[in-house]
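Chemist: Quick one: sequence plus predicted model below, questions after.
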Amino acid sequence: MKTILVVDDSPTIRKLLGYILKKKSYIIAEAEDGLDAMEKLGHVQVDLVIVDLNMPNMDGIEFVKNLRDNYYYMDTPVIMLTTTKDEKLKKDAFDAGVNMFLNKPVQPNFLLYKVESLLGEEEDHG
Ligand SMILES: [Mg+2]
């Protein structure tokens, strides 16, 4: 069973993503911003992260930079899910280490497909 950490400052989005992901029996952990997510990663082993960009305290890009500095999470798949279509921010997100950049709103089945493909790739690497 894989655990997915959902990081978003909107409780509605967290609830919606949790609802979608639970259809495939993923275990869901939630965090309300990057800082909260870093704290949670100290307690929970996470297989994939879905992170928002704009959040208080620590935004998505700062969070991903911190995540990539952590030995245990250097290779963990990260999907950034945001309303922004700013190409500069998208580039910054990839430079920080995200694996995939998707725009809200996302089709549930499309998201599940992307999650599965990223988790599958991870298994191939051992
Ligand atoms: Mg936000």
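Modeler: Ah, there it is.

Chemist: tell me the SS of the one residue sitting closest to the centre of the chain?
Modeler: Closest residue to the average C-alpha location of the chain: Ile50 at 1.7 Å, with Cα atoms, centre = their mean. At Ile50, secondary structure determined by DSSP: H, G, I helix; E, B strand; the rest coil is strand.

Chemist: again, but for the one 3 residues further on
Modeler: Following three-state DSSP, we place Leu53 in the coil state.

Chemist: Tell me, how many residues neighbour the closest residue to Leu112 other than its chain neighbours?
Modeler: Using Cβ to Cβ, 6 or more residues apart in numbering and skipping the chain neighbours, the partner closest in space to Leu112 is Lys24 (5.8 Å). Just so you know, the C-beta spots here come from the backbone N, C-alpha and C atoms, and that holds for glycine as well. Residues lying near Lys24 (other Cβ atoms under 10 Å) number 12.

Chemist: in a strand, that's where Lys24 is, yeah?
Modeler: No - Lys24: not assigned to a strand; according to three-state DSSP it is coil.

Chemist: Please shift the residue numbers so they start at 681 in all later answers.
Modeler: Okay, residue one is now 681; in that scheme the one you just asked about reads as Lys704.

Chemist: near the ion, which residues of the chain?
Modeler: Asp689, Asp732, Asn734, Met735 (Cβ under 5 Å from the ion).

Chemist: mind redoing it with 6 Å?
Modeler: Asp688, Asp689, Ser690, Asp732, Asn734, Met735 (Cβ under 6 Å from the ion).

Chemist: buried sites along stretch 787-806?
Modeler: Using 16 or more other Cβ atoms under 10 Å as the test for burial, stretch 787-806 gives Leu791, Leu792, Lys794, Val795, Leu798, Leu799, Glu802.

Chemist: out of those, who's nearest Asn779?
Modeler: When those are compared for distance to Asn779 (Cβ to Cβ), Leu798 wins out at 6.0 Å.
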